[in-house]
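Participant: let's see this in three dimensions:
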Amino acid sequence: MTDGESRPTPPTPSRRRFLAAAATGLAATTAGCGYVPGGGDLAWEESLPAGGLAFASDRWYRATNDRLVTVENHSGRTFDFEDNVWRDLSNAAVSLLTPDGAARGVGETERQVTGAPAVTDGAAFLPVEGGRLTAVDLAGGAPSGGGSGAAEPADRDEGQSMDDPVRWRVDAGSLLAGEAGDDETTESGDDGADATGSSLQGVRASDALSVAVGARGVAAFDAQTGDPAFSVPDLWTDADGGGGTPTDATSRVAVDGETVWALIPESASATDDDDAAVVGYDRSGDGRVERPVAGDNEWLVAVGGTVVTGAPGASLTGYDRKLDRRFSLDVRAPTTRPSDVPPGEGRLYYSRGGTVTAVDVDAEEVAFERSDLPSGHFAADAAGVYVVTNAGGFGDDAEPRAVAVDPDGAVRWRAPLPEGIEPEGLFAIGERLVVLDSGRAYGFHAAAGERPSLLG
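Facilitator: Below you'll find the predicted structure:
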């Protein structure tokens with residue numbers, strides 16, 4: 001586009017689908033002419049599953065190594081063709097997208113999701129209305145029997161299939177409220193929320209444990225059965241019941257295998273100098289380690305056995321499982337908790353103020369920083385980090401494009417996106433880079449590949 005030209009009106013969704021389909025068809029045609037798809041080439045496009053006649057929705061996206069999971073609230077009315085009546089709809093649906101572009105619905109919950117869900121390779125853990133926690137099996141098949149504790153197997157209507165993917169449900173809010181305070185027992189409200197007046201804020205999970213984060217504390221459950229592991233209902237409060245809920249309590253919790261880590265704010269910490277504190281609990285909750293940390297730390301993440309805390313704009317600090325300090329890096333930590341932590345790579349990536357930073361936790365150093373990449377949607381995997389931006393994101397009127405950066409900080413490839421795609425989200429799954437736009441997903445080759453001449 002020449003200087004002074006105005007940017008064309010973005011294509012309608014139908015035109016976007018046509019243009020993307022044309023790009024996909026061209027790639028298939030040239031594949032038979034010696035063309036090997038390279039990084040940024042479009043491999044497929046797919047509509048994300050949507051919830052029938054739902055009139056409004058909230059969506060959360062969570063990526064694992066080999067799938068993108070969508071959790072979507074539904075509300076409105078839907079027609080029951082069997083009973084020939086309209087029914088009110090208020091629940092949540094879970095669906096997934098695989099690296100080959102196959103999308104399918106997994107199942108639905110009985111209530112709407114109220115906070116940040118968590119996803120592992122095998123299940124999605126959803127904080128739903130009433131302070132309850134629901135586990136949905138992503139692999140399908142018969143759900144778990146639910147163990148022997150407070151967990152309930154999925155309640156089934158008469159005639160409902162045993163293949164219901166809901167693994168278990170627990171009343172986490174009541175568990176937290178019922179043990180809060182010294183010897184005081186409180187009751188859940190009519191909506192099932194804990195007695196502090198709020199629903200669950202979110203969930204953290206591993207293949208072993210699922211941890212519900214409430215307004216005053218946390219409750220851990222066996223990820224497979226839903227049996228209670230332990231609870232700390234007054235984690236965010238001091239000895240007098242003060243302190244209050246942190247602004248984003250979920251960002252202060254991490255689960256690493258069978259260990260739960262939490263960053264207690266200054267207002268609730270019992271340290272001598274009124275510092276904040278990092279605490280770690282084993283599966284039973286009986287084994288506990290703790291150490292004071294600077295009060296300006298606001299989030300915590302677990303990276304391959306190392307606990308990393310962040311003081312936004314100031315520093316990153318890493319601790320081992322005994323909470324002995326491993327390193328302290330004088331680098332501007334992000335304001336929000338980094339979500340791009342590729343499993344098993346010993347790294348975390350984040351973007352702050354136009355600078356992309358890679359921290360090699362295993363090597364205890366900053367691997368690279370780049371300030372020449374645009375502020376756009378961000379994703380990472382074992383091969384490095386990716387950034388996509390909308391038109392103008394590179395400081396000019398260029399069309400949207402993607403950039404891949406290797407773990408050492410070198411640019412692996414740059415590629416424009418097909419005309420009409422305006423990125424709303426970015427995720428790396430398998431060997432695909434998935435761009436979301438207007439309810440559709442576009443899968444691009446993430447590997448660099450080769451682009452030999454069509455004539456040669």
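Participant: paired strands for the host helix or strand of Arg87, with orientation please.
Facilitator: Counting by DSSP states H and E, the element that carries Arg87 is strand 85-97. Applying DSSP bridges, strand 85-97 is found paired with strand 68-80 (antiparallel), strand 103-108 (antiparallel).
Participant: in the last one, what counts as buried?
Facilitator: Think strand 103-108. Neighbour-count burial for strand 103-108, counted by 16 or more other C-beta atoms under 10 Å, picks out Val106, Gly107, Glu108. Where you see a C-beta, it was placed from the backbone N, CA and C, and this is true even at glycine.
Participant: kindly report the same for stretch 287-296.
Facilitator: Within stretch 287-296, the residues scored as buried using 16+ other C-beta under 10 Å are Val289, Arg291, Pro292, Val293, Gly295, Asp296.
Participant: find the residue at the geometric middle of this structure.
Facilitator: Geometric centre of the chain, nearest residue: Arg62, 3.9 Å, by C-alpha atoms, centre = their mean.
Participant: turn the buried residues of stretch 287-296 into CSV, columns for secondary structure, pLDDT and distance to Gly214.
Facilitator: Output for those, formatted as CSV (DSSP: H, G, I helix; E, B strand; the rest coil; pLDDT from 0 to 100; distance: C-beta to C-beta, whole Å):
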residue, secondary structure, pLDDT, distance to Gly214
Val289, strand, 94, 22
Arg291, strand, 94, 24
Pro292, strand, 94, 24
Val293, strand, 94, 22
Gly295, coil, 90, 22
Asp296, coil, 92, 24
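Participant: how about CSV for the residues you listed, with distance to Pro265 added?
Facilitator: Output for the buried residues of stretch 287-296, formatted as CSV (distance: C-beta to C-beta, whole Å):
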residue, distance to Pro265
Val289, 18
Arg291, 15
Pro292, 12
Val293, 11
Gly295, 8
Asp296, 10
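Participant: spell out the residue ranges of the helices in this structure.
Facilitator: Under the criterion DSSP state H, the chain contains helices at 13-31, 172-178.
Participant: comparing those helices by mean pLDDT, which bottoms out?
Facilitator: Among the helices of the chain, helix 13-31 carries the lowest mean pLDDT, a mean of 47.
Participant: got the contact list for stretch 306-313?
Facilitator: 254, 256, 261, 263, 278, 280, 293-294, 296-302, 316-321, 323, 326, 332-335, 337-338, 346, 348, 359, 361 (C-beta atoms under 8 Å, 6 or more residues apart in numbering).
Participant: put the alpha carbons of that stretch into PDB.
Facilitator: Extracted in PDB, the C-alpha atoms of stretch 306-313 (Å, rounded to 0.1, in the frame of the first residue of the first chain):
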ATOM      1  CA  THR A 306      11.400 -23.800  40.000                       C
ATOM      2  CA  VAL A 307       9.000 -21.200  41.500                       C
ATOM      3  CA  VAL A 308       9.300 -17.800  39.800                       C
ATOM      4  CA  THR A 309       7.800 -14.700  41.300                       C
ATOM      5  CA  GLY A 310       7.400 -11.400  39.600                       C
ATOM      6  CA  ALA A 311       7.600  -7.800  40.800                       C
ATOM      7  CA  PRO A 312       6.000  -5.900  37.800                       C
ATOM      8  CA  GLY A 313       8.500  -3.500  36.200                       C
END
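Participant: now that stretch: mean pLDDT?
Facilitator: For stretch 306-313, mean pLDDT is 94.
Participant: so where's the stretch 201-350 of the chain shaky on pLDDT?
Facilitator: Scanning the stretch 201-350 of the chain for pLDDT under 70 picks out the ranges 238-245, 267, 269-274.
Participant: thinking again about what came up before, doesn't Val71 make contact with the residue nearest to the centre of the chain?
Facilitator: Yes - taking C-beta atoms under 8 Å as the definition, Arg62 is a contact partner of Val71 at 7.3 Å.
Participant: ok, what's across the strand from Ala205?
Facilitator: Ser210.
Participant: same deal with Ser90?
Facilitator: Assigned bridge partners for Ser90, using DSSP bridges, are Ser75.
Participant: need the contact list for it.
Facilitator: His74, Ser75, Arg111, Gln112.
Participant: what's around the second one, how many residues?
Facilitator: Using other C-beta atoms under 10 Å, the number of residues around Ser75 comes to 16.
Participant: I'd guessed Ala92 sits against Asn73; true?
Facilitator: Yes - judged on C-beta under 8 Å, Ala92 makes contact with Asn73 at a distance of 5.0 Å.
Participant: what touches both of the two?
Facilitator: The contact lists of Ala92 and Asn73 share Gln112, Val113, where a contact means C-beta under 8 Å, 6+ apart.
Participant: the more surrounded of those two?
Facilitator: Remark: of Ala92 and Asn73, Ala92 carries more neighbours, 29 against 22, as counted by other C-beta under 10 Å.
Participant: distance of the more buried one from Ser206?
Facilitator: Separation of Ala92 from Ser206 (C-beta to C-beta, to the nearest Å) stands at 22 Å.
Participant: over to Asp137?
Facilitator: In terms of C-beta to C-beta, Asp137 sits 16 Å off from Ser206.
Participant: residues shared between the contacts of Arg62 and Val71?
Facilitator: Taking C-beta under 8 Å, 6+ apart as the contact definition, Arg62 and Val71 share the neighbouring residues Pro117, Ala124.
Participant: more crowded one of Asp137 and Ser206?
Facilitator: Just comparing Asp137 and Ser206: by other C-beta under 10 Å the higher neighbour count belongs to Asp137, 23 against 18.
Participant: that one and Phe125 touch, don't they?
Facilitator: No - using C-beta under 8 Å, Asp137 is not in contact with Phe125, being 10.8 Å away.
Participant: coming back round to it: ok, which of the strands paired with strand 85-97 comes nearest Phe368?
Facilitator: With C-beta to C-beta as the measure, strand 68-80 is the member of the strands paired with strand 85-97 nearest Phe368 (26.5 Å).
Participant: can I get the CA coordinates of the closest one in PDB?
Facilitator: Presented in PDB, the C-alpha positions along strand 68-80 are these (Å, rounded to 0.1, in the frame of the first residue of the first chain):
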ATOM      1  CA  LEU A  68      -6.800 -25.700  21.700                       C
ATOM      2  CA  VAL A  69      -9.700 -25.900  24.200                       C
ATOM      3  CA  THR A  70     -12.600 -23.400  24.100                       C
ATOM      4  CA  VAL A  71     -14.900 -22.900  27.100                       C
ATOM      5  CA  GLU A  72     -18.000 -20.800  26.200                       C
ATOM      6  CA  ASN A  73     -20.900 -19.700  28.300                       C
ATOM      7  CA  HIS A  74     -24.300 -20.000  26.700                       C
ATOM      8  CA  SER A  75     -27.400 -18.100  27.700                       C
ATOM      9  CA  GLY A  76     -30.700 -17.600  25.900                       C
ATOM     10  CA  ARG A  77     -33.400 -20.100  24.700                       C
ATOM     11  CA  THR A  78     -33.200 -23.200  22.600                       C
ATOM     12  CA  PHE A  79     -35.900 -25.400  21.200                       C
ATOM     13  CA  ASP A  80     -36.300 -29.000  22.500                       C
END
